[in-house]
Every structure is written in structure tokens, then in C-alpha cells.
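Q: the sequence and its predicted three-dimensional model are supplied below.
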Amino acid sequence: MKYGFVKYFYKKKVRRKKRKSLEYLKYKKETLHMAEEKLLYFNQFYNLKWNKIFIKNQKTRWGSCSKQGNINFNYRIIFLPQKMADYIIVHELCHLQEFNHSADFWNLVAKVIPDYKEIRQELRKNGFRFHLYVG
């Protein structure tokens, strides 16, 4: 009896993961296209170089940047209001020059997103909730 419950629960959990994977696959290309366009636009102000852009299905991160110049974005940025998606893209772009969160880093971000503090606060407060309403 106990084994049957575990088996049922396991199957249910797998089905839920499949649904999320389908959504990720559905929006991955669109998110990549949006991220590439925005990186090219914002890079006019910075003139930085990146290696590759990846779109991932992450639970807790909006983006990341590696020292090899690879930039990762969560596919869910496609569901965010434009100012928040812009902030995330500029944030990761600036990490290509300043691989930290120093005052120099934030000055780079502020060059294009002067209200970054308010956007960052709103994103931390409600970020992943935007996906629930739109998706």
C-alpha cells in the first residue's frame, strides 16, 4: 500500500516537470532572440564582448555571467515587464567588465538604467510572481 502511494506521487511529479519543460522549450527561442536584440542595443553604450548566450530553465536565478564571457538568462525574463528584463540584461552585460557588485559595477549599470535600485527591489519582491500571472 505504501509503495503504491510513492509510485503514484513519483509519476505525478514527473508529469509536472514535463509541463514546465514544454513551456521552457516553447519560449526558449523567443527569449534568446529578445536577449540578443537587447544585448546588441545596450552594448552600444558599453562596447563589451561576450562569447555565447544561453537560455536556461532556472528556478532561482534570472541571469549569470561567466569569466569566459558566456551569459545565461532564465527563459522567464520574456514574461517580465520590459524595464525589468532590460535591467537583468544590462546587469549581466556589465559583469563582462566588472565581475563583482562593486561601486564601479553599479555605476556601469546606472549609465543605462539610472533607476536600477527601484527595479532591483521590485524584482526581488515580486520577480517570479510575474511568470505566474502571464504564463
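A: All right, it came through fine. Numbering: from 1, shown residues only.
Q: what is the end-to-end distance of stretch 61-75?
A: 10 Å (CA to CA, to the nearest Å).
Q: can you name the residues in contact with that stretch?
A: 24, 27-28, 31, 35, 39, 49-58, 76-77, 88-89, 91-93, 95-96, 99, 123, 127 (CB atoms under 8 Å, 6 or more residues apart in numbering). No exception for glycine: its C-beta is placed from N, CA and C like everyone else's.
Q: before we move on, what about stretch 77-95?
A: 27, 30-31, 34-35, 38-39, 42-43, 46, 48, 50, 62-65, 71-73, 105, 108-109, 112-113, 115-116, 119-120, 122-123, 127, 130-131, 134-135.
Q: same deal with stretch 43-50?
A: So stretch 43-50 is contacted by 39, 69-71, 93-94, 96-97, 108, 111-112 (CB under 8 Å, 6+ apart).
Q: farthest-apart pair in those, please.
A: N70 and K111 (22.7 Å; CB to CB).
Q: just the buried ones among the contacts of stretch 43-50, please.
A: Among those, those classed as buried by 16 or more other CB atoms under 10 Å are 39, 71, 93-94, 96, 108, 112.
Q: format the residues you listed as a markdown table; extra columns: secondary structure, pLDDT and distance to M84.
A: A markdown table is the format used below for those (DSSP: H, G, I helix; E, B strand; the rest coil; pLDDT from 0 to 100; distance: CB to CB, whole Å):
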| residue | secondary structure | pLDDT | distance to M84 |
| --- | --- | --- | --- |
| L39 | helix | 98 | 16 |
| I71 | strand | 98 | 17 |
| L93 | helix | 98 | 15 |
| C94 | helix | 98 | 16 |
| L96 | coil | 98 | 20 |
| L108 | helix | 98 | 18 |
| V112 | helix | 98 | 14 |
